[in-house]
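Student: Fold the following for me, if possible:
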Amino acid sequence: MTKLAPIEYGKYYHIYNRGINSCNLFVDKNDYEHFLKLYTKYIDPIANTYAWCLMTNHFHFLIRIKEEDEIGYYKSLDSNSNGSNDSVRFKITEDLSEFKEPESVLKPKPIKHFSHLFNAYAKYFNKRYNRHGSLFEKAFRRKLIADESYLKYLVYYIHHNPVHHNFTDEISEYQWSSFQSILSLKETKLVRNDVIELFDDLNNLIFFHKQQHELNQLKGQLIEDSF
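Tutor: Numbers count the residues shown, from 1 in each chain. I've put the predicted structure just below:
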């Protein structure tokens, strides 16, 4: 069994997984949108997102976990709370004056945020489709990206995934990836400018995505053959 990388502050990761027994994770537009809404809630506070793609039965994200001091602290919880109130717990603050007692200061743990994301989505999906049991393969896969020179190739790989799996002929035509957000002028949680800088400028990014790239150097290091 492949050893999973620990999730550490300030590091880049390729995060990916699929449905258990390759079952579908997304059936219609509502499912994709709900997953992204939960992603915004649980992951945006603790990570910067460089690229993403949701496929019918699997997903890919390229992220950078924020530095510990970038993330801040969970907002203060009522002394009688068990911490289950997500509307409070997953709002993060840098203002320590909100905490009455030093022991009430809680630091977010990035790996738990991913667990909350997948658990929340599985609960939604099971309820909507009247199913039971696990939805995702365990545990979610992640590859530490130690060499940042691979970042732009991984951005391309993630955006090219729908073409690779024959969902579309053109990267730009696939709705459920970050490629359209990069090209758009609309506000986005994606670190768009940082992604563009990987390719020097937007024109080079577009040109790079139109080429066919040999990605054997990524196999085993940043991705698995089955994805």
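Student: which stretches of the protein have low pLDDT?
Tutor: For the chain, applying pLDDT under 70 flags the ranges 1-2, 75-105, 217, 219-222, 225-227.
Student: Give me the domain ranges for it.
Tutor: For the chain, automatic domain parsing gives the domain ranges 12-66+116-218, 73-104.
Student: from these, which stretch is densest packed?
Tutor: domain 12-66+116-218 (a mean of 17; mean count of other Cβ atoms under 10 Å). (Glycine included, C-beta is placed from N, CA and C.)
Student: And that domain, end to end?
Tutor: The first residue of domain 12-66+116-218 is 15 Å away from its last residue (Cα to Cα, to the nearest Å).
Student: Would you point out which residue is most central in the protein?
Tutor: Phe61 (4.1 Å; Cα atoms, centre = their mean).
Student: List the contacts of the helix or strand hosting that residue.
Tutor: Applying DSSP states H and E as the criterion places Phe61 in strand 58-65. With Cβ atoms under 8 Å, 6 or more residues apart in numbering as the test, strand 58-65 has contacts from 7-19, 25, 35, 43, 46-53, 110, 145, 151, 154-155, 157-158, 161, 191, 227.
Student: Tell me which strands that strand pairs with, and in which orientation.
Tutor: Sheet partners assigned to strand 58-65 using DSSP bridges are listed as strand 12-18 (antiparallel), strand 47-54 (antiparallel).
Student: So which of the ones you listed is nearest Glu70?
Tutor: Glu70 lies closest to strand 47-54 among the strands paired with strand 58-65, at 9.0 Å (Cβ to Cβ).
Student: Beyond the helix or strand containing Tyr153, next helix or strand please.
Tutor: Using DSSP H and E, Tyr153 falls within helix 151-164. Next in sequence after helix 151-164, counting helices and strands by DSSP H and E, comes helix 179-183.
Student: next one: that next one to chain centre, how far?
Tutor: In this view, helix 179-183 has its centroid 16 Å away from the chain centroid, taken as Cα atoms, centre = their mean, to the nearest Å.
Student: could you say what helices and strands the next helix or strand after it packs with?
Tutor: For helix 179-183, the following helix or strand on the C-terminal side (DSSP H and E) is helix 192-198. Helices and strands touching helix 192-198, by 3 or more Cβ pairs under 8 Å, 6 or more residues apart in numbering; DSSP states H and E, are strand 47-54, helix 151-164, helix 179-183, helix 202-210.
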